[in-house]
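Trainee: heads up, no residue letters with this:
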């Protein structure tokens, strides 16, 4: 009887030990459970934005003008517009513009309706009276001095729309100016950071992140071509004076500095 009880007790001890060993993780699982969570980064940072601005002379002239006609049929309107636009292109080529500097900016055709009131019913209705065709061309040239000659020649050639005249930067010059401003913008950010840290007894000990702005061509400087100038150019009594102006280019750089006590 005592032997039976002893054997049963021993068996219970063995089973309890087996369960206990099964609860203890081993290998990679054990290591993962015993690793401690790392402390969050304690480095101190300061985020500053720096800017650099300069003014440069434009090197690209952009002029948009064209012909707008209205005829009874779409074919008549297209033929008339084509004839007049050919004369306009010939005129600006004579002023010194090459074919490569000319492109079509917009070509539209749409029906023109007239409103009328029926005598019997008094209801207002519309009837088709013709078609309107507008052809706008765009001239881009590095010869800024041709601005007046282009407009005067186009109007003399038959253009009845002068939409815009503007001076801007070519992509090549824009890239050059932007690249030259990068170092100045970052240096400006560094100067701001140093001035802010001095009274706090801190200093710059490193750079964590630098973000540069996208470099887009600045908005072109428009030159408005009024009705008076257009009329004067058409009757030959006036040569359109057009003057370019400087383009302002700004670059921004955001820098995150790592700082420490002095």
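Mentor: Right, received. Where do you want to start? Everything quoted here is computed from the prediction, not taken from an experiment. Residues are numbered from 1 along each chain as shown.
Trainee: tell me which residues of the lengthiest helix in the chain are tucked away?
Mentor: What stands out as the longest helix in the chain, according to DSSP state H, is helix 171-197. Going by neighbour count (16 or more other C-beta atoms under 10 Å), the buried part of helix 171-197 is 173-174, 177-178, 181-182, 184-186, 188-190, 192-193, 197. Every C-beta, even on glycine, is put in place using the N, C-alpha and C of the backbone.
Trainee: now for the helix or strand just after that helix, which elements pack on it?
Mentor: Stepping forward along the backbone from helix 171-197, the first helix or strand reached (DSSP states H and E) is strand 202-212. Helices and strands in packing contact with strand 202-212 are listed as strand 44-56, helix 171-197, strand 247-261; criterion 3 or more C-beta pairs under 8 Å, 6 or more residues apart in numbering; DSSP states H and E.
Trainee: pLDDT on the first one, on average?
Mentor: For strand 44-56, the mean per-residue pLDDT is 93.
Trainee: now the last one
Mentor: In this model, strand 247-261 has an average pLDDT of 91.
Trainee: Next, give phi and psi for residue 110.
Mentor: Phi and psi for residue 110, reported as degrees, to the nearest 10, are phi -150, psi 150.
Trainee: Mind jotting down where the strands sit in the chain?
Mentor: Counting by DSSP state E, the chain has strands at residues 44-56, 60-71, 102-117, 124-141, 161-168, 202-212, 221-222, 247-261.
Trainee: How about the contacts made by residue 96?
Mentor: 143, 146, 149 (C-beta atoms under 8 Å, 6 or more residues apart in numbering).
Trainee: Look at it and report its pLDDT.
Mentor: The model reports residue 96 with a pLDDT of 93.
Trainee: what's the distance between it and residue 145?
Mentor: Between residue 96 and residue 145 the distance is 9 Å, computed by C-beta to C-beta, to the nearest Å.
Trainee: And for residue 158?
Mentor: Summarising the geometry, the distance separating residue 158 from residue 145, computed by C-beta to C-beta, is 24 Å.
Trainee: Show me which of those two is the more surrounded one.
Mentor: residue 158 (17 against 11; other C-beta atoms under 10 Å).
Trainee: about what we covered before: if you average pLDDT over each of the strands of the chain, which is lowest?
Mentor: For the strands of the chain, the bottom mean pLDDT is recorded on strand 221-222, which sits at a mean of 50.
Trainee: In this structure residue 174 contacts residue 249, no?
Mentor: Yes - with contact defined as C-beta atoms under 8 Å, residue 174 and residue 249 form a contacting pair (7.4 Å).
Trainee: before we move on, the earlier item: the strands of the chain into a markdown table, with extra columns for mean neighbour count and distance to residue 85?
Mentor: Putting the strands of the chain into a markdown table (neighbours: other C-beta atoms under 10 Å; distance: least, C-beta to C-beta, whole Å) gives the following:
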| stretch | mean neighbour count | distance to residue 85 |
| --- | --- | --- |
| strand 44-56 | 15 | 35 |
| strand 60-71 | 21 | 5 |
| strand 102-117 | 12 | 9 |
| strand 124-141 | 16 | 5 |
| strand 161-168 | 19 | 11 |
| strand 202-212 | 13 | 44 |
| strand 221-222 | 14 | 23 |
| strand 247-261 | 18 | 31 |
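Trainee: can you redo those strands as a markdown table with distance to residue 84?
Mentor: Rendered in a markdown table, the data for the strands of the chain read as follows (distance: least, C-beta to C-beta, whole Å):
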| stretch | distance to residue 84 |
| --- | --- |
| strand 44-56 | 38 |
| strand 60-71 | 5 |
| strand 102-117 | 13 |
| strand 124-141 | 9 |
| strand 161-168 | 11 |
| strand 202-212 | 48 |
| strand 221-222 | 25 |
| strand 247-261 | 34 |
